[in-house]
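J.: Predicted model, plus sequence, below.
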Amino acid sequence: MNLEMIPVQIMGLKTDLQAVVHSLRQVGCMHIEELTDLPEVSARPLTLDRDTIRQQEELSLLAARIGGLLDALGGSKQIPETFPVGNNVLLEARAGVDELMPAVKAHSSQRERLESELASLPRYEATLRKLLPIIPASVREAGNRSVGILVSREHMAILDAIGKRVLDLTLGRAEVVASDVDISTRAMLIVFPEKYTNQIEALLGREDISRLRLPSELGEGSPDVILAALYRRMASIPEQIKEINRELAMLSAQWREKLAVWRAALQDEIETSRVLPKFGETELTFVLAGWVPAKEFEKVEKVLHENIGDAVYVQKLKMTPEMKKRAPVVLQNPGLTRPFESLVKILALPRYGHIDPTQLMAFFLPIFFGMILGDVGYGILVLALSLGVSRRFKSGVTRDILLVLAMGAVWSILFGFLFGEFFGTLGEHFGMRALWFDRASSEHVMGLLLMTVAIGAVHITLGLVLGVWEAIKDRSRNHLLERGGMLVGLIGLFFIVGVLVDFLPQGFMSVSVALVIVGIVLLGASMGYLGIVMGPIEFITLIGNVLSYLRIAAIGLASVYLAKVANEMAGIAGNVVVGAILAILIHALNLVLGMFSPTIHSLRLHYVEFFRKFYESGGRPYEPFKSHL
């Protein structure tokens, strides 16, 4: 059902504006409207001064910095329930961020640099290992230096030219060796006396040669010496990263709770500032309007008068039809039916003052699910899985869907006894017999189909009755003609079926046909001139809606026969182990289908066949202005 809402207007002096805003945030139950959306309230929009705008920017920047710190520290962003919140929380936040930010930034930058270096070192290792076999003995002689060069195969000829010029430059005292690094690159190692360093560097610079440049952390020396340093470096970097992570973890343990509270406090202040443009003003006063649950109105009045006094005026506005269309919606249902609110919201919220279908869905949907699955064994497994997984979710749509599955599983177990099914026909080996319908027997298929059509007729009729009631409340002529015509025509059709099966006397046939004709005429009248053609078509569609409930029987029968195939497969496989494996796999597939298909098709019967007969969607969600602390 929808919670009753009251339109409220609050007026006061501008000097009390901030006190009023913080009081409303403290109460946390008022849905504040854009004043421009309420023509009933006349005032110009509130203009924000420069100080307020500057404060908004500063708060947003500080909140972003705290968010970055929480991401870097990897700590929980949830507000601890027992953490004390000081009066000067914003000042504490600024000082804390200024103290913490340099340390976190330094540690994070160092870790990123080390991770980048660790990722790049294996590339140097491959090249150095290729050079090891060709390192000449002269590289270890005192007074010698070495330079590595990398050249692609497309420019291979340049190596010979460089080698010759180096030998000429050093009067034959240099040593030049080369080797393939990979299929596209060749490396050259030049060993020369140290006094020729400047000349060789100048030569390589003029030729624009790609040098083998290694990280400075590896030092200098021959390739084998540098390779040993590289291995030591690759072994030490992970330890350095672990140490940085330990230090960040210590900072996280020390600061994360404070950061979470500060961030929530900043969000409160930011939201407080953002709500101001929704207000109106005169020269000396402000005005705001919104919605309050009827049961909370006195609480709002009391808090405002206690905090501000008689200088603030709280007024109930008259609920006009136009305002009623804009009223926010709060769904309020008993505990067992509350998970179904999420399924209603997936489609759309109902309009304020109209039927909330949550409790109707909570009654019918688990029954439809149970009739489709209808197996004790599968029902027990679905119940155990849904309840087990739901423990991981404290709230949210996922938890609600799992609880709905659990309720459907209970009905599945009940219908499993009525149908005599335990993993299909497996229950027969233990003496299990159907108490109502044996779905595996061809004798009962027609009865099962007729039963599901009858359920569909009842469900659709209930939807049309509710739709007529909604049309009367809204004084909607078109909806009354449309839904009333469908209802009258459907009742006439029921009478015709009753006469054909000798449940009603033949004298009812004329009355029944007349009701169908009247229903089609009324249905067509709601569509204007097109109703001459569309009226009969819509009535045929209505019959299709009723027949659509045959899917309850059809999908259920498919599940029964798939389980039967699994059980028979175990007997004809020729090998007990192979047969058991095949049976388990098929039953597992049937279980997965048994969780999804009944849910999807039960939802479809509600969304498409049932809700369209009465449901008025388009409600606005209730978003109270409240504190996060």
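T.: Arrived safely. Numbers count the residues shown, from 1 in each chain.

J.: Show me the contact partners of the strand or helix carrying residue 19.
T.: Assigned by DSSP states H and E, residue 19 falls within helix 17-27. Helix 17-27 has contacts (CB atoms under 8 Å, 6 or more residues apart in numbering) with 10, 12, 30, 32, 268, 271-272, 275-276, 279, 286, 288, 296, 299-300, 303-304, 307-308, 312, 625-627. Placement of C-beta: from N, CA and C, glycine included.

J.: go with 6 Å
T.: Applying CB atoms under 6 Å, 6 or more residues apart in numbering, the contact partners of helix 17-27 are 12, 30, 272, 286, 300, 303, 304, 307, 308, 312, 625, 627.

J.: Would you tell me what the next helix or strand after the helix or strand bottoming out on mean pLDDT in the chain is?
T.: Lowest by mean pLDDT, DSSP states H and E among the helices and strands of the chain is strand 210-211, with a mean of 60. Under the assignment DSSP H and E, the closest C-terminal helix or strand after strand 210-211 is helix 223-275.

J.: any idea of the angle that next one forms with helix 17-27?
T.: For helix 223-275 against helix 17-27, the angle by axes from the mean of the first three to the mean of the last three CA atoms, to 10 degrees is 110 degrees.

J.: Could you tell me which other helices and strands helix 223-275 packs against?
T.: Packing contacts for helix 223-275, counted by 3 or more CB pairs under 6 Å, 6 or more residues apart in numbering; DSSP states H and E, involve helix 50-73, helix 89-131.

J.: The longest one to helix 223-275, inter-axis angle?
T.: Meaning helix 89-131. Interaxial angle of helix 89-131 relative to helix 223-275 (the same axes, to 10 degrees): 160 degrees.

J.: re the thing from before, any chance of a ChimeraX selection covering the buried ones in the contacts of helix 17-27?
T.: To isolate the buried subset of the contacts of helix 17-27 in ChimeraX, counting by 16 or more other CB atoms under 10 Å, use the following:
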select :12,30,272,286,300,304,307,312,625,627
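
J.: Same list, the contacts of helix 17-27, but as a markdown table with pLDDT please.
T.: Shown next, in a markdown table, are the contacts of helix 17-27 (pLDDT from 0 to 100):
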| residue | pLDDT |
| --- | --- |
| 12 | 90 |
| 30 | 92 |
| 272 | 77 |
| 286 | 89 |
| 300 | 91 |
| 303 | 91 |
| 304 | 91 |
| 307 | 90 |
| 308 | 90 |
| 312 | 91 |
| 625 | 88 |
| 627 | 76 |
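
J.: I'd like the list of the contacts of helix 17-27 that fall within strands, please.
T.: 12, 286 (DSSP state E).

J.: Distance to residue 544 for the contacts of helix 17-27 - can I get that in CSV?
T.: CSV is the format used below for the contacts of helix 17-27 (distance: CB to CB, whole Å):
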residue, distance to residue 544
12, 59
30, 47
272, 54
286, 57
300, 50
303, 55
304, 56
307, 60
308, 61
312, 59
625, 47
627, 52
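
J.: returning to what we had before: please identify which of the helices and strands packed on helix 223-275 is closest to residue 420.
T.: helix 50-73 (57.3 Å; CB to CB).

J.: And the closest one, what does it pack against?
T.: Applying 3+ CB pairs under 6 Å, 6+ apart, one finds that helix 50-73 contacts helix 89-131, helix 223-275.

J.: now the strands: where do they sit in the protein?
T.: Listed in chain order, the strands of the chain (DSSP E) span 5-13, 31-32, 44-45, 144-152, 175-182, 185-193, 210-211, 280-281, 285-293, 313-316, 328-329, 620-621.

J.: which stretch in these has the least confidence?
T.: Among the strands of the chain, strand 210-211 carries the lowest mean pLDDT, at a mean of 60.

J.: Okay, now the unreliable bits of the stretch 451-600 of the chain?
T.: In the predicted model, the stretch 451-600 of the chain carries pLDDT under 70 at residues 571, 573-574.

J.: just to revisit the earlier point, just say which of the helices and strands packed on helix 50-73 is most tucked in.
T.: helix 223-275 (a mean of 17; mean count of other CB atoms under 10 Å).

J.: distance between it and the chain's centre?
T.: Distance, stretch centre to chain centre, for helix 223-275: 28 Å (CA atoms, centre = their mean, to the nearest Å).

J.: Compute the inter-axis angle for it and strand 285-293.
T.: Here the directions of helix 223-275 and strand 285-293 differ by 100 degrees (the same axes, to 10 degrees).

J.: pLDDT below threshold where in the stretch 101-250 of the chain?
T.: 126-127, 130-134, 153-155, 181-182, 207-223.

J.: on that earlier part again, would you turn the helices and strands packed on helix 223-275 into TSV with distance to residue 570?
T.: Converted to TSV, those look like this (distance: least, CB to CB, whole Å):
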stretch	distance to residue 570
helix 50-73	54
helix 89-131	53
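
J.: Show me the one of those that comes nearest residue 407.
T.: Counting by CB to CB, residue 407 lies closest to helix 50-73 out of the helices and strands packed on helix 223-275; the figure is 38.3 Å.

J.: Export that closest one to CSV, keeping only CA atoms.
T.: Provided in CSV are the C-alpha atoms of helix 50-73 (Å, rounded to 0.1, in the frame of the first residue of the first chain):
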residue,chain,number,x,y,z
ARG,A,50,29.3,33.9,-3.9
ASP,A,51,30.3,32.7,-0.5
THR,A,52,27.9,29.8,-0.7
ILE,A,53,29.0,28.8,-4.2
ARG,A,54,32.7,29.0,-3.1
GLN,A,55,31.9,26.9,-0.1
GLN,A,56,30.2,24.3,-2.3
GLU,A,57,33.3,24.1,-4.5
GLU,A,58,35.6,23.7,-1.5
LEU,A,59,33.5,21.0,0.1
SER,A,60,33.3,19.1,-3.2
LEU,A,61,37.1,19.2,-3.6
LEU,A,62,37.7,18.1,0.0
ALA,A,63,35.2,15.2,-0.5
ALA,A,64,37.0,14.2,-3.7
ARG,A,65,40.3,14.2,-1.9
ILE,A,66,38.9,12.0,0.9
GLY,A,67,37.5,9.6,-1.7
GLY,A,68,40.9,9.4,-3.3
LEU,A,69,42.5,8.6,0.1
LEU,A,70,39.9,5.9,0.8
ASP,A,71,40.6,4.3,-2.6
ALA,A,72,44.4,4.5,-2.1
LEU,A,73,44.2,3.0,1.4
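
J.: Flag every buried residue along that helix.
T.: For helix 50-73, by 16+ other CB under 10 Å, it's 56, 59, 60, 62, 63, 65, 66, 69, 70, 72, 73.

J.: can you give me the offset of that helix from its chain's centre?
T.: Here helix 50-73 is found 26 Å from its chain centre; the criterion is CA atoms, centre = their mean.

J.: Just the mean pLDDT for it, thanks.
T.: For helix 50-73, the mean per-residue pLDDT is 84.

J.: Number of residues surrounding residue 617?
T.: Neighbourhood size, residue 617 [other CB atoms under 10 Å]: 12.

J.: now swap in residue 169 and tell me
T.: For residue 169, using other CB under 10 Å, the count is 16.

J.: Same check on residue 485?
T.: Neighbour count for residue 485, taken as other CB under 10 Å: 26.

J.: residues contacting it?
T.: The neighbours of residue 485, taking CB under 6 Å, 6+ apart as the test, are 519, 522, 523.

J.: try it again with 8 Å
T.: 518, 519, 520, 521, 522, 523, 524, 525, 526, 535, 539.

J.: The fourth one contacts residue 535, doesn't it?
T.: Yes: under the criterion of CB atoms under 8 Å, residue 521 makes contact with residue 535 at 6.9 Å.

J.: The two: which has the busier surroundings?
T.: A count of neighbours by other CB under 10 Å puts residue 535 above the other of residue 521 and residue 535, at 22 against 17.
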